[in-house]
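Enquirer: Dropping the sequence and predicted coords here.
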Amino acid sequence: MKLLLDENLSDRIVPQILDLYPDSAHVKSHQLIRSDDGLIWAFAQRHGFTIVSKDSDFHQRSLLFGHPPKLVFMRVGNCATNRITDMLRANFVLMSAFDSDPNASLLVLPSQRND
């Protein structure tokens, strides 16, 4: 499973998850910062990425269009980068099952503690 992190998540997360999610990237590394959500969606679809975002617009797009690409929607407010990293690492098994499910298009990762 390769992840494409949206710009609302830090690009510093990527090196910390590559052991679990090889070939993952941040939109910044593909010159997609401040790009239209549709462009990011199409890029992820063409290149086999699962989008990871806190953006409710992607959540709505996922509900409307389904997959591909799949979406991991992180229901957290402003928080430290290490918290996002910890969530992605702690949910590896769940995310792998999601990736393997041909019918699943959206995985919501809720906040594990109060912000």
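Expert: Yes, it's here. Residues are numbered from 1 along each chain as shown.

Enquirer: Sketch out the low-pLDDT regions of the protein for me.
Expert: 112-115 (pLDDT under 70).

Enquirer: Kindly recompute the last result at 80.
Expert: 111-115 (pLDDT under 80).

Enquirer: hey, where'd the helices end up in it?
Expert: 14-17, 37-47, 56-65, 81-90, 92-100 (DSSP state H).

Enquirer: so what's V14 up against?
Expert: By CB atoms under 8 Å, 6 or more residues apart in numbering, V14 lies in contact with L5, S24, A25, H26, S29. Yep, even glycine has a C-beta here, placed from its N, CA and C like the rest.

Enquirer: how deep is the fourth one tucked in, by neighbour count?
Expert: For H26, the count of nearby residues is 21 (other CB atoms under 10 Å).

Enquirer: Quickly note the distance from it to V14.
Expert: Distance, H26 to V14, using CB to CB, to the nearest Å: 5 Å.

Enquirer: Identify the contacts common to these two.
Expert: What both H26 and V14 touch, as defined by CB under 8 Å, 6+ apart, is the set L5.

Enquirer: Report the beta-bridge partners for the residue nearest to the spatial centre of the chain.
Expert: Centroid-nearest residue in the chain, with CA atoms, centre = their mean: V52, separated by 1.0 Å. Per DSSP bridges, the residues bridged to V52 are L5, V72.

Enquirer: need the contact list for it.
Expert: L3, L4, L5, D6, L9, L71, V72, M74, L88.

Enquirer: surely the fifth one meets V27?
Expert: No. Between L9 and V27 there is no contact, the gap being 9.0 Å when judged by CB atoms under 8 Å.

Enquirer: thinking again about what came up before, kindly indicate the member of the contacts of V14 with the most neighbours.
Expert: L5 (27 neighbours).

Enquirer: Run through the residues that contact that one.
Expert: L5 neighbours (CB under 8 Å, 6+ apart): D11, I13, V14, S24, A25, H26, V27, V52, S53.
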